[in-house]
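>>> sequence and predicted model, in that order:
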Amino acid sequence: MLATCPALEVAEKHLDTLLQNSRSGSADSILVYRMQARYLIDKALIQYMQEEQPTKVSSEELQHYLQENSGEPALSKEDALKSDLETALHALHLADNLAKARYKAGFAPVDIPFETGAELYDASRLYAQWCEGKDGPPVPEGLLELHATITKAAAAAGDTERQMKADVLRYRYIEWDAHKVQTIRKAMVEKIEQKLRAGLASQWELREAKLDLQECELSLLLWSEDSGFEAFNAYAADSAKYYADLEKAAATGMPQVATPERLLRTRLRMLNAAAFATLLEA
């Protein structure tokens, strides 16, 4: 690829909005660091997959690229991936340090440092595997203790949703088990459907939970004999429809629904699904 694809540039604009909101004090710094990392990790993966496909470039596009990048050495695919992952790791370290500081000061629940710690560990493992060709680091001391603390508190309060969210993080990022995540995701969809009937949840929440479930089921297909091409296309279409509806919500004055974070996450869903579907079709 000669440059960041236009679809990724749209995702980057949502990230820029989050960064601007953070600078103005209207967005939480921890969330912004985490979303910056999410964008960079997904960007690295998407561009790596796109590099595996032959790219046709017109003479006009080539001339524009040379004019825009004259005198700048081009990064190799491997160097670009490594640079993105290093920046993502730095952002997650900042998020994790801030989350721990807030938790120790009593300004954040234990769930926050557990979430940032889980995402940081997963990114560290990806970096070790992709850039260093070795196994990931051991699970940080204390990370599973945070999960145990959440489990104890959730059980005492009868808070099954809190427990499910913590368990998803554990089995998605720390002790990878897609089957357990699938089971939990199904239970979360059912829980939100119950809340929706009681007027305690929105269709937006339900649609997002269903997309999370689809995403998990696709990760299982990647390890099966079935390529899952049609399933990836369906997930990409559902994500695109959800994104289009979020854009309509933003245009009609519903910023509490069409948040920059939700728009960014949904845009990345679309791009990941499309990239995988292209690979599977080849």
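Ah, there it is.
>>> dump stretch 20-27 to PDB, restricted to CA.
Output of stretch 20-27 as PDB, limited to C-alpha atoms (Å, rounded to 0.1, in the frame of the first residue of the first chain):
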ATOM      1  CA  GLN A  20      -9.400  16.900  20.900                       C
ATOM      2  CA  ASN A  21     -12.000  16.100  23.500                       C
ATOM      3  CA  SER A  22      -9.300  14.900  25.800                       C
ATOM      4  CA  ARG A  23      -7.400  18.100  25.500                       C
ATOM      5  CA  SER A  24     -10.500  20.100  26.200                       C
ATOM      6  CA  GLY A  25     -11.300  18.000  29.300                       C
ATOM      7  CA  SER A  26     -14.500  16.500  27.800                       C
ATOM      8  CA  ALA A  27     -13.200  13.000  27.400                       C
END
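>>> next, the buried residues of it.
The neighbour-count check on stretch 20-27 (16 or more other C-beta atoms under 10 Å) flags 21, 22, 27 as buried. Glycine gets a C-beta too; all of them are placed from N, C-alpha and C.
>>> which of those lies closest to residue 161?
residue 27 (23.9 Å; C-beta to C-beta).
>>> save the buried residues of stretch 20-27 as JSON lines, and put in pLDDT and secondary structure too.
JSON lines is the format used below for the buried residues of stretch 20-27 (pLDDT from 0 to 100; DSSP: H, G, I helix; E, B strand; the rest coil):
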{"residue": "21", "pLDDT": "94", "secondary structure": "helix"}
{"residue": "22", "pLDDT": "93", "secondary structure": "helix"}
{"residue": "27", "pLDDT": "90", "secondary structure": "coil"}
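>>> closest to residue 95 out of the residues you listed?
Distances from residue 95 to these, taken by C-beta to C-beta, are shortest for residue 22, at 11.5 Å.
>>> just the element for the most centrally placed residue in the chain, please.
With distances taken as C-alpha atoms, centre = their mean, residue 38 lies nearest the centre of the chain, 4.7 Å away. According to DSSP states H and E, residue 38 maps onto helix 29-51.
>>> same question, residue 139
Applying DSSP H and E, one finds residue 139 in no helix or strand.
>>> that one - how many residues pack around it?
Residues near residue 139, counting by other C-beta atoms under 10 Å, number 14.
>>> low-confidence regions, this protein specifically.
Scanning the chain with the threshold set as pLDDT under 70 gives 1-7, 50-76, 223-228, 279-282.
>>> quick check: buried residues in the helix holding residue 38?
Here helix 29-51 shows 30-50 as buried, counting by 16+ other C-beta under 10 Å.
>>> let me know the angle separating the strand or helix carrying residue 18 from helix 29-51.
Residue 18 is part of helix 6-24, with elements assigned from DSSP H and E. Interaxial angle of helix 6-24 relative to helix 29-51 (axes from the mean of the first three to the mean of the last three C-alpha atoms, to 10 degrees): 170 degrees.
>>> which other helices and strands contact helix 6-24?
helix 29-51, helix 260-281 (3 or more C-beta pairs under 8 Å, 6 or more residues apart in numbering; DSSP states H and E).
>>> go through that helix and flag the buried ones.
Applying 16+ other C-beta under 10 Å to helix 6-24 flags 8, 11, 14, 15, 17, 18, 19, 21, 22 as buried.
>>> show me which of those residues is closest to residue 82.
Using C-beta to C-beta, residue 8 is the member of the buried residues of helix 6-24 that lies nearest residue 82, at 17.9 Å.
>>> not counting its neighbours along the chain, what's nearest that closest one?
Nearest residue to residue 8, sequence neighbours excluded (C-beta to C-beta, 6 or more residues apart in numbering): residue 43, at 5.9 Å.
>>> the one you found reaches residue 87, doesn't it?
No: counting by C-beta atoms under 8 Å, residue 87 is not a contact partner of residue 43; they are 10.2 Å apart.
>>> give me the next element, helix or strand, following the helix ranked longest in the chain.
The residue-count maximum for a helix in the chain (DSSP state H) belongs to helix 77-104. Later in the chain than helix 77-104, the nearest helix or strand by DSSP H and E is helix 111-131.
>>> list the contacts of that next one.
30, 34, 37, 41, 44, 78, 81-82, 85-86, 88-89, 92-93, 95-96, 98-100, 102-103, 134-137, 139-140, 143, 146-147, 150, 162, 165-166, 169-170, 172-174 (C-beta atoms under 8 Å, 6 or more residues apart in numbering).
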